[in-house]
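1. could you look at this predicted model? Sequence included:
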2 protein chains.
Amino acid sequence: MIKVHHLNDSRSQRILWFLEELGCDYEIVPYARQETRFAPEDLKKIHPLGKSPVIEDGGRIVAESGTIIEYLAATYGNGKFTPEAGSDDFWRYNHFLHYAEGSAMIPLLLALYTGPLGDAAAPLHPRIFGEIENNFSYIESELIGRDFIVGDHLTGADIQVSFVLEAANSTGLLAPYPNLQRYLAAMQARPAYLAGIERGGPYAYGPK
Amino acid sequence: MIKVHHLNDSRSQRILWFLEELGCDYEIVPYARQETRFAPEDLKKIHPLGKSPVIEDGGRIVAESGTIIEYLAATYGNGKFTPEAGSDDFWRYNHFLHYAEGSAMIPLLLALYTGPLGDAAAPLHPRIFGEIENNFSYIESELIGRDFIVGDHLTGADIQVSFVLEAANSTGLLAPYPNLQRYLAAMQARPAYLAGIERGGPYAYGPK
């Protein structure tokens, strides 16, 4: 059975959601954040980076959200969550799989990490918040008239994009973006999403 | 013909390198960084994010390094730069494609962006430099006894991983990692790599 190494309030919540969408059986190995909010050292026993999500499936260990999503879609998705290889939608799907963590998360993480510096970080704010606006305006425009980030049904790209929106939403940063709010609310209302929350336990970035 | 929107001293250099490995004809549209080191506004005419690399190929616009690499390998690589779909090496390849920009770059970017704050950023240093060590120790251990990050010949994952190592090397951060230095030097000595530099113009992160 698939084993998910699940850290609370982390990117692994989206893997639980995706497994529910896929209808897979899975087992959760839970980890609790330390008081510092860092992941516990125990996660390094599973993968040297000590991050979550990591999954185990038949002896194979898979790390990095984008890879886990592609692996699960390829192995258990019967083509349902991945556009046809080589199609325009496929490259759009691939783009958002890379973009969500490779680009969109960067300014959010900069804001998060420099937050404790208070006013000392003020010189960085124009750049950081300019890039947050640049990225969310882009996703906002890509969601005009769409219910999903690619095509007309859920794909792995929606699972991947969701986390950066949830992280932003938790600090009010989605306020200027009606399409992002509508899209995220629709994702968070999906039965599989809610079943993932039920299995995973309290989640700080979930629906309010 | 493939058109590469190429910003100097940026991630687009690796796309030139990959096109040389692929033996593709391509045209460069050059962009110069502003005095602030930001990309010029002109790049937004090609893709709303205003970043480089972006490529155009037969009317298709592809952005995000990982996607460009996968697109070029799938379209022009005759299977040479991608492990067999579904194999262990394929998932290792996919992991490093996501990992390089999704995880490994984060602490480097935090160090880069908070650098101008000087001592005011000192409270962040244990976390930032701890994560730099965590990530580079991981890649270092994954390169023990290997000439390539996946399998026994060059794949798109080497192209993707190279940039984070080059960025780190430029500030001396690879000093503690003999395998990373050996690997990067071998990549930077490849004829296709050097041909990419020749085409792309001066590159701050190239071989010293």
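-> Received, thanks. Residues are numbered from 1 along each chain as shown, chains lettered A, B, ... in the order given.

2. which pLDDT does the model give A:Gly201?
-> pLDDT recorded at A:Gly201 is 95.

3. how much space separates it from chain B?
-> According to CB to the nearest CB, to the nearest Å, A:Gly201 stands 24 Å off from chain B. No exception for glycine: its C-beta is placed from N, CA and C like everyone else's.

4. need the three-state assignment for A:Val4.
-> strand (DSSP: H, G, I helix; E, B strand; the rest coil).

5. and the pLDDT at the residue most central in space within chain A?
-> Nearest to the geometric centre of chain A sits A:Phe163, at 3.1 Å (CA atoms, centre = their mean). A:Phe163 is assigned a predicted lDDT (pLDDT) of 97.

6. need the contact list for A:Tyr71.
-> Neighbouring residues of A:Tyr71 by CB atoms under 8 Å, 6 or more residues apart in numbering or on different chains: A:Ile55, A:Asp57, A:Val62, B:Trp91, B:Asn94.

7. ranges for the helices of chain A?
-> Secondary structure of chain A (DSSP state H): helices located at A:12-22, A:65-76, A:88-99, A:105-114, A:125-142, A:156-169, A:178-188, A:191-200.

8. give the contact list for A:Pro123.
-> B:Pro116, B:Leu117.

9. per-domain residue ranges of chain A.
-> By the assignment in automatic domain parsing, chain A contains the domains A:2-81+A:193-200, A:88-190.

10. distance between the ends of the last one?
-> Between the start and the finish of domain A:88-190 there is a gap of 26 Å, counting by CA to CA, to the nearest Å.

11. on that earlier part again, out of the domains of chain A, nearest to B:Arg182?
-> Among these, the nearest to B:Arg182 by CB to CB is domain A:2-81+A:193-200 (19.8 Å).

12. quick check: end-to-end length of that closest one?
-> 15 Å.

13. to the chain's geometric centre, what's the distance from it?
-> Computed by CA atoms, centre = their mean, to the nearest Å, the chain-centroid distance of domain A:2-81+A:193-200 equals 11 Å.

14. same question, stretch A:157-175
-> 8 Å.

15. list the contacts of it.
-> Residues outside stretch A:157-175 that contact it (CB under 8 Å, 6+ apart): A:11, A:13-15, A:17-18, A:21, A:65-66, A:69, A:92-93, A:96-97, A:100-101, A:104-105, A:108, A:112, A:132, A:136, A:139, A:148-150, A:180-181, A:183-184, A:187-188, A:204-206.

16. just the pLDDT for the nearest residue to A:Ala189 once chain neighbours are set aside.
-> Residue nearest to A:Ala189 in three dimensions, not counting chain neighbours: A:Pro207, with 7.4 Å by CB to CB, 6 or more residues apart in numbering or on different chains. On pLDDT, A:Pro207 comes in at 92.

17. for A:Pro207, give its distance to chain B.
-> 25 Å.

18. I'd say A:Leu16 and A:Lys3 touch.
-> No. A:Leu16 sits out of contact with A:Lys3 when judged by CB atoms under 8 Å, with a separation of 12.0 Å.

19. where do the contact lists of these two overlap?
-> By CB under 8 Å, 6+ apart, the residues touching both A:Leu16 and A:Lys3 are A:Tyr26, A:Ile28.

20. quick revisit: in ChimeraX, how would I select just the buried ones from the contacts of stretch A:157-175?
-> Selection command for ChimeraX covering only the buried members of the contacts of stretch A:157-175, criterion 16 or more other CB atoms under 10 Å in any protein chain shown:
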select /A:11,13,14,15,17,18,21,65,66,69,92,93,96,97,100,101,104,105,108,132,136,139,148,149,150,180,183,184,187,188,205,206
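
21. and the gap between A:Arg146 and A:Phe96?
-> 12 Å (CB to CB, to the nearest Å).

22. what about A:Pro191, neighbour count?
-> 9 (other CB atoms under 10 Å in any protein chain shown).

23. who's in contact with it?
-> Neighbours of A:Pro191 in contact, by CB under 8 Å, 6+ apart: A:Glu20.

24. contacts only, for A:Gln181.
-> A:Asn169, A:Leu174.

25. hmm, back to that, neighbour-wise, give me the winner out of the contacts of A:Tyr71.
-> Counting by other CB under 10 Å, top hit in these: B:Asn94 with 27 neighbours.

26. got the contact list for the closest residue to that residue other than its chain neighbours?
-> With CB to CB, 6+ apart as the criterion, B:Asn94 has its nearest non-adjacent residue at 4.7 Å, and that residue is A:Thr67. For A:Thr67, the contacting residues are B:Trp91, B:Asn94, B:His95, B:Leu97, B:His98, B:Tyr99, by CB under 8 Å, 6+ apart.

27. mind putting these into a markdown table with pLDDT?
-> Listed next are the contacts of A:Thr67 as a markdown table, based on pLDDT from 0 to 100:
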| residue | pLDDT |
| --- | --- |
| B:Trp91 | 98 |
| B:Asn94 | 98 |
| B:His95 | 98 |
| B:Leu97 | 98 |
| B:His98 | 98 |
| B:Tyr99 | 98 |
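
28. of all the residues you listed, which two lie farthest apart?
-> Most distant of the contacts of A:Thr67, by CB to CB, are B:Trp91 and B:Tyr99, 11.7 Å apart.

29. quick revisit: with distance to B:Ile28 added, can I get the contacts of A:Tyr71 in JSON lines?
-> Output for these, formatted as JSON lines (distance: CB to CB, whole Å):
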{"residue": "A:Ile55", "distance to B:Ile28": "41"}
{"residue": "A:Asp57", "distance to B:Ile28": "43"}
{"residue": "A:Val62", "distance to B:Ile28": "37"}
{"residue": "B:Trp91", "distance to B:Ile28": "33"}
{"residue": "B:Asn94", "distance to B:Ile28": "28"}
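
30. re earlier: the more surrounded of A:Leu16 and A:Lys3?
-> Shown here are A:Leu16 and A:Lys3; by other CB under 10 Å, A:Leu16 has more neighbours (24 against 16).

31. what is the burial count for the residue nearest to A:Tyr183 when sequence neighbours are not counted?
-> The spatial neighbour of A:Tyr183 that comes closest, neighbours along the chain excluded (CB to CB, 6+ apart), is A:Leu143 at 5.2 Å. A count of nearby residues for A:Leu143, using other CB under 10 Å, gives 20.

32. who are the contact partners of A:Leu143?
-> A:Ile149, A:Asn179, A:Leu180, A:Arg182, A:Tyr183.

33. quick check, nearest of those residues to A:Glu84?
-> A:Ile149 (16.4 Å).

34. tabulate the helices of chain A (CSV), appending distance to A:Gly50.
-> Below are the helices of chain A laid out as CSV (distance: least, CB to CB, whole Å):
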stretch, distance to A:Gly50
helix A:12-22, 13
helix A:65-76, 15
helix A:88-99, 23
helix A:105-114, 17
helix A:125-142, 26
helix A:156-169, 19
helix A:178-188, 28
helix A:191-200, 19
